[in-house]
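> got a predicted model here, sequence first, then my questions.
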Amino acid sequence: MKAAPFAYHRPESVADAVALLREYGDEAKILAGGQSLVPMLAMRLTHFENLIDISRIEEVRNIELRDGAVWIGAGTPHAFVGMDDEVAESVPLLTLSTPHIGHFQIRTRGTLGGAIAHADPAAEYAAVAVALDAEIEATSARGTRRIPAADFFTGLWETSLAADEVITAVAFPVWSGRCGFSVHEFARRHGDFAIAGATLGVELDEDDTVLRCGIGLLGMGSTPVRGTPAESAIVGRPVGDISAEELGKLAVSELEDVPADLQGSAAYRSKVCATMVARAWTEATTAAVETREAIHA
């Protein structure tokens, strides 16, 4: 099939893009990398009268460290995020997540902002945003606002963006201290969307006690979700007293409406996700403990 006819616009600036959004409202859709939107248009799963292509706007293709966070322009391709040294040092979860996103061609064309705006519950960057309490910068003709990731994803492929807003950047907080990070997911084939997965960050104090933990779960609801029960249960406890298997089970224990589809039942998906959390926890805590050993070596 081919996409239904639409008008194509390629603005030169964010100001031009938001002006077009204001003009066309619900009849317009932002086109970033197009790796999700274009197939949906081609299969006629959706249709918009106007596509506004922001892929050539340089002001949304940048990576900057400021105010204790890494700010990544919405038009920055996945591949650029995955290769950037500042990102690798400051927000390792993004670097670790990038190879799981589709295939190389998709990572070259797809953008971070597009992935966040698409709001797929199995998307890696969305899970990282939730786990790290990232903020999404949205711009319209009325100005700019910051939306916490916890409030941004509202449903399957749905967000709290207004019809006249475009994502211009995402701010990922930088974790300092003795931290470890890990990403584990399970898919039928490499490049497929994850059936279930976990992005996990943990910070330990000098006595190997958990100071904080962020767990983002992939494919476990209509939106990216957090393993909140597990996070709450381990803060303040020595890492050696925490069972990875029990932590995984706890992370999925309070989830409602876990999807059931051709990929597997809700029970199967929950079991897989618990295993992914356990593996991520083991890897992340090992890295955090080794941080102290490296310092004192």
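The structure has been received and is ready for your questions.

> what is the mean pLDDT for stretch 153-170?
For stretch 153-170, mean pLDDT rounds to 95.

> same check, this time on stretch 23-40
Computed over stretch 23-40, the average pLDDT equals 88.

> neighbouring contacts of the lowest-mean-pLDDT helix or strand in the chain?
Every helix and strand in the chain was compared by mean pLDDT, DSSP states H and E; the lowest is helix 37-42, with a mean of 84. Helix 37-42 is contacted from outside by M1, K2, A3, A4, F6, K29, L31, T46, H47, F48, G114, H118, using C-beta atoms under 8 Å, 6 or more residues apart in numbering. All C-beta spots, glycine's among them, are computed from the backbone N, C-alpha and C.

> so what strands line up beside the helix or strand that that helix is followed by?
Using DSSP states H and E, the helix or strand that follows helix 37-42 in sequence is strand 50-53. Here strand 50-53 has these sheet partners by DSSP bridges: strand 7-9 (parallel), strand 28-31 (parallel).

> now the buried members of the contacts of helix 37-42.
A3, F6, K29, L31, F48, G114, H118 (16 or more other C-beta atoms under 10 Å).

> not counting sequence-adjacent ones, nearest residue to the third one?
What sits nearest to K29 in space, not counting adjacent residues and going by C-beta to C-beta, 6 or more residues apart in numbering, is F48, at 4.0 Å.

> and T98, how close does it get to V87?
9 Å (C-beta to C-beta, to the nearest Å).

> need the overlap of contacts for the two.
V81.

> quick one on the thing from earlier: just say which of the strands paired with strand 50-53 is most tucked in.
Greatest average neighbour count among the strands paired with strand 50-53 goes to strand 28-31 (a mean of 22), per mean count of other C-beta atoms under 10 Å.

> next one: that strand to chain centre, how far?
20 Å (C-alpha atoms, centre = their mean, to the nearest Å).

> for stretch 238-252, same thing?
23 Å.

> contacts for it, please.
198, 202, 204, 207-210, 215, 217, 220, 227, 229-230, 233-234, 258, 270, 273-279, 281-282, 285, 288-289.

> for stretch 79-96, buried residues please.
79-82, 84, 87, 90-96.

> swap in stretch 224-243?
Result for stretch 224-243 [16+ other C-beta under 10 Å]: buried residues P224, V225, R226, G227, T228, P229, A230, E231, A233, I234, V239, I242.

> related to what we said a few turns ago, please verify my assumption that the residue nearest to K29 contacts F6.
Yes - the pair F48 / F6 is scored as a contact, 6.0 Å apart, by C-beta atoms under 8 Å.

> looking at the buried residues of stretch 79-96, which are in helices?
Members of these lying in helices (criterion: DSSP state H): A79, F80, V81, G82, V87, S90, P92, L93, L94, T95, L96.

> which residues touch the third one?
Spelled out, it's V81. I63, I72, V87, L94, T95, T98, L112.

> now do the last one
Contact partners of L96, counting by C-beta under 8 Å, 6+ apart, are F181, S182, V183, T199.

> tell me the one of the residues you listed nearest A149?
Closest approach between these and A149, by C-beta to C-beta: T199, at 12.0 Å.

> one step back: present the buried residues of stretch 224-243 as a markdown table; the columns should include distance to Y125.
As requested, the buried residues of stretch 224-243 are exported to a markdown table (distance: C-beta to C-beta, whole Å):
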| residue | distance to Y125 |
| --- | --- |
| P224 | 9 |
| V225 | 15 |
| R226 | 15 |
| G227 | 17 |
| T228 | 20 |
| P229 | 24 |
| A230 | 21 |
| E231 | 20 |
| A233 | 26 |
| I234 | 25 |
| V239 | 27 |
| I242 | 27 |
